[in-house]
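[1] what's the 3D shape of this:
(chains A and B)
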Amino acid sequence: MANIVIDNIKKSFGAFQALKEVSLTINDGEFVSLLGPSGCGKTTLLRIIAGLETATSGDIRIGDRSVISLPPKDRGLAMVFQNYAVFPHMTVYENVAFGLRMQKADDARVKKQVEKAAGLLHIEPYLDRYPNKLSGGQRQRVAVARALAVEPGVLLMDEPLSNLDALLRLEMRTELKTVLQAAGTTTIYVTHDQTEAMGLSDRIAVVHDGRIEQVGTPVEVYNHPATRFVGGFIGNPPMNFITMPVTGGKVAIGSQQFAVPATGGEIVFGLRGETVERAPNGQGLDMQVRVAEPMGSHLLLTGSILGQPARVILPATETVRNGETVGLTLDPKRLTWLSPESGASYPAAA
Amino acid sequence: MTQNRPWIPYALILPSVVFLGLLFVVPLVQTIWLAVSDNGTPSLANMTTMVSDINFGRSVLNTFLLTLAVVPIQIVMALTMGSMVAKMNGGRETILWIWTIPLGISDLAAGMVWLSILQNTGYLNSILFGMGLIERQTAWLTYQTPVALFIGIAIAEIWRGTAIVMIIIVAGLNQVPKEFKEAAEIFGASPWTRFTRITLPLIRPALQSALILRTVLAFEVFAVVYALGGRNFPVLVGEAYNWQNQNQNYSVAAAYAVLIMVISLAATLVYLKAIKVDPERLP
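    Predicted structure coming up:
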């Protein structure tokens, strides 16, 4: 078990700055996701923590010990790779035992640890098999068991579920959460899938363009995105952003008046699609619905609000026709106000 | 389209099969028959002539010694070269290209290149003389200097034949995803352990192909040996050549040819058995 301090890490590949002064502290036993689109630098950061990549500058401390100049094996961590990297020429048992063998653990300890990890991941029936005989999900379990068998202080996971099909991914996600909670290992989890990050993490660090845009609990990040990017990246459908003129510190949206943290000019309001309610006829904020999609659990409306593209969600019990205009009531407590220039959000109103 | 006419693939393949059949299988059968017959009746007379020839023992010994010296060195060199370029980011293709230049040279020309280096008036002696290490021209390639002759031939063979091994090994190394090595590194494997426990087992198929190809070629060594040593260093194919051309005895030449084939087949079987490739245990 160990805490991790990422201190001003910079990484350049030639002229390209992959990471621009990234800092993040992860507490002992915490599960933190690095969430961001491909190419944002999240995998590079993970590989720097692992020691597979060298940082241009900055420091990494694991358990209050600087590890930046140590090779991976001396950092006290284990890693699960995106394509599993389960050794095809070794049985499942030898795969899980690999880290322990490298530590020159005696056979009794190897056996005990392998059985424990295999039990956690439910792979005992396959211990004598070779990985090519296993499905993707089973191989992923082997990879996680191999990592947990060494009882690492820190567990690094690089998109571990992205090669699985949707149903299996959901199943593994739930199981990972159970297993990792039981193990209590400090975990850094890289993903581009916001539902994975939301579902698994204690905290999410949203990475964009080589920077961490926001760190917070899933609910914080979802409800109060620090930037327009975070709001747009997290949530399905993404947050709607609608630009409004401000007059006298207030904004009139439909028939509602809102006090805003700006006195004049323009402001952007960020609207989560599921926070609206359908207003009685002729009231509220008008939305011109282009397409109405009944999704079973809810009704997804795509169209425009005040001439700007928007997606909102209504209860499945509502019926809306394509081309119809519906009135929406907004919940002032669940709106996010953002600066149109910087894209940064104003602090949430108390 | 071919579903309606299932014979089309066979028709397209037929010419190559006929071609190989006519130019490989027929001569093969003829050669074997030539070797084990005398005036049209089965006989071991040619074999007896071959075995009792004064150069037979030496040519077998020389061929095996050369193979045993050259092939392992070539495999180790190819693995080293392949591992070295694997770590490079830029210029990898250029280096590989330079390393494969000897492939483009015929083996007789390769022999000539090394002859120009190692003969009495060659570059080696010039350099050694220039550095004051020798007083006069030294002979390296005579029957009186068998060790120097052997080393000279081995070096020429290594120079000429390592590239093909390296190409196969590099292709094999390229198929090993880097995550395997990274995973091993994370879990504490040293570079040497990563090489022996991860890389080598995963390139078994390439290793097997390279060993078979290179060993068979080593048993067929001829032109380089002839250019450098002539008959001072008899080898099996050289003897076959002599019986064919100098002695005009096609039957004994055929006996040598069959012997070389049997040795090659045996070596191939040994490799197939020793380096088992189980597709289940590959990436």
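[2] from memory A:Met287 sits against A:Leu328, does it?
    Yes - using Cβ atoms under 8 Å, A:Met287 is in contact with A:Leu328, at 5.6 Å. Every C-beta, even on glycine, is put in place using the N, C-alpha and C of the backbone.
[3] common neighbours of those two, please.
    Shared contacts of A:Met287 and A:Leu328 (Cβ atoms under 8 Å, 6 or more residues apart in numbering or on different chains): A:305, A:312.
[4] what does chain A have sitting close to chain B?
    A:50-52, A:71-73, A:77-79, A:81-83, A:85, A:87-89, A:98-99, A:102-103, A:130, A:132-133, A:146, A:150 (Cβ under 8 Å from any Cβ of the partner chain).
[5] got the contact list for A:Gln47?
    Just so we're on the same page, residue A:47 is Arg rather than Gln. A:53, A:158.
[6] residues in contact with B:Gly229?
    Neighbour list for B:Gly229: B:141, B:149, B:152-153 [criterion: Cβ under 8 Å, 6+ apart].
[7] from the residues you listed, which are also near chain A?
    When the contacts of B:Gly229 are checked against chain A using Cβ under 8 Å from any Cβ, none falls in range.
[8] closest one of those residues to chain A?
    B:Ile153 (37.4 Å; Cβ to the nearest Cβ).
[9] how far does the host helix or strand of that closest one sit from the chain's center?
    Using DSSP states H and E, B:Ile153 sits in helix B:146-174. Centroid separation between helix B:146-174 and its chain, computed with Cα atoms, centre = their mean, to the nearest Å, is 8 Å.
[10] next, count neighbours for B:Thr49.
    17 (other Cβ atoms under 10 Å in any protein chain shown).
[11] so what's it closest to, chain neighbours aside?
    Once flanking residues are discounted, B:Thr49 sits nearest to B:Val252: 5.1 Å by Cβ to Cβ, 6 or more residues apart in numbering or on different chains.
[12] which residues does that neighbour contact?
    B:46, B:49-50, B:53, B:243.
[13] and what of A:Ser66?
    A:59-60.
[14] for A:Ile253, same thing?
    Contacts of A:Ile253 (Cβ under 8 Å, 6+ apart): A:244, A:269, A:285, A:330.
[15] my read is that the third one contacts A:Asp331, right?
    This points to A:Leu285. No - the criterion here is Cβ under 8 Å, and A:Leu285 misses it with A:Asp331 at 11.8 Å.
[16] all strands for the stretch 251-350 of chain A, in order.
    Chain-ordered strands for the stretch 251-350 of chain A, with DSSP state E, counting those that start in this stretch as the definition, fall at A:256-259, A:266-271, A:277-278, A:285-294, A:298-305, A:308-315, A:325-329, A:335-338.
[17] using JSON lines, lay out these together with distance to A:Met157, mean pLDDT and mean neighbour count.
    What follows is those, written out as JSON lines (distance: least, Cβ to Cβ, whole Å; pLDDT from 0 to 100; neighbours: other Cβ atoms under 10 Å in any protein chain shown):
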{"stretch": "strand A:256-259", "distance to A:Met157": "42", "mean pLDDT": "84", "mean neighbour count": "14"}
{"stretch": "strand A:266-271", "distance to A:Met157": "30", "mean pLDDT": "92", "mean neighbour count": "21"}
{"stretch": "strand A:277-278", "distance to A:Met157": "39", "mean pLDDT": "92", "mean neighbour count": "16"}
{"stretch": "strand A:285-294", "distance to A:Met157": "34", "mean pLDDT": "93", "mean neighbour count": "17"}
{"stretch": "strand A:298-305", "distance to A:Met157": "31", "mean pLDDT": "95", "mean neighbour count": "20"}
{"stretch": "strand A:308-315", "distance to A:Met157": "31", "mean pLDDT": "95", "mean neighbour count": "18"}
{"stretch": "strand A:325-329", "distance to A:Met157": "40", "mean pLDDT": "92", "mean neighbour count": "18"}
{"stretch": "strand A:335-338", "distance to A:Met157": "30", "mean pLDDT": "91", "mean neighbour count": "21"}
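[18] export those to TSV and tack on distance to A:Gln17?
    Supplementary listing: the strands of the stretch 251-350 of chain A in TSV, determined by distance: least, Cβ to Cβ, whole Å:
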stretch	distance to A:Gln17
strand A:256-259	39
strand A:266-271	28
strand A:277-278	45
strand A:285-294	40
strand A:298-305	36
strand A:308-315	32
strand A:325-329	42
strand A:335-338	25
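[19] ok, which of those strands comes nearest A:Gly231?
    Closest to A:Gly231 of the strands of the stretch 251-350 of chain A is strand A:266-271 (Cβ to Cβ; 4.9 Å).
[20] that closest one pairs with which strands, parallel or anti?
    strand A:240-245 (antiparallel), strand A:335-338 (antiparallel) (DSSP bridges).
[21] which one of these lies nearest to A:Glu30?
    Each of these has some distance to A:Glu30 by Cβ to Cβ; the shortest is strand A:335-338, at 25.7 Å.
[22] just the CA atoms of the closest one, as PDB, please.
    C-alpha atoms of strand A:335-338 as PDB (Å, rounded to 0.1, in the frame of the first residue of the first chain):
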ATOM      1  CA  LEU A 335     -26.800  24.600 -14.000                       C
ATOM      2  CA  THR A 336     -23.100  25.300 -14.500                       C
ATOM      3  CA  TRP A 337     -22.100  28.800 -15.500                       C
ATOM      4  CA  LEU A 338     -19.000  29.100 -17.700                       C
END
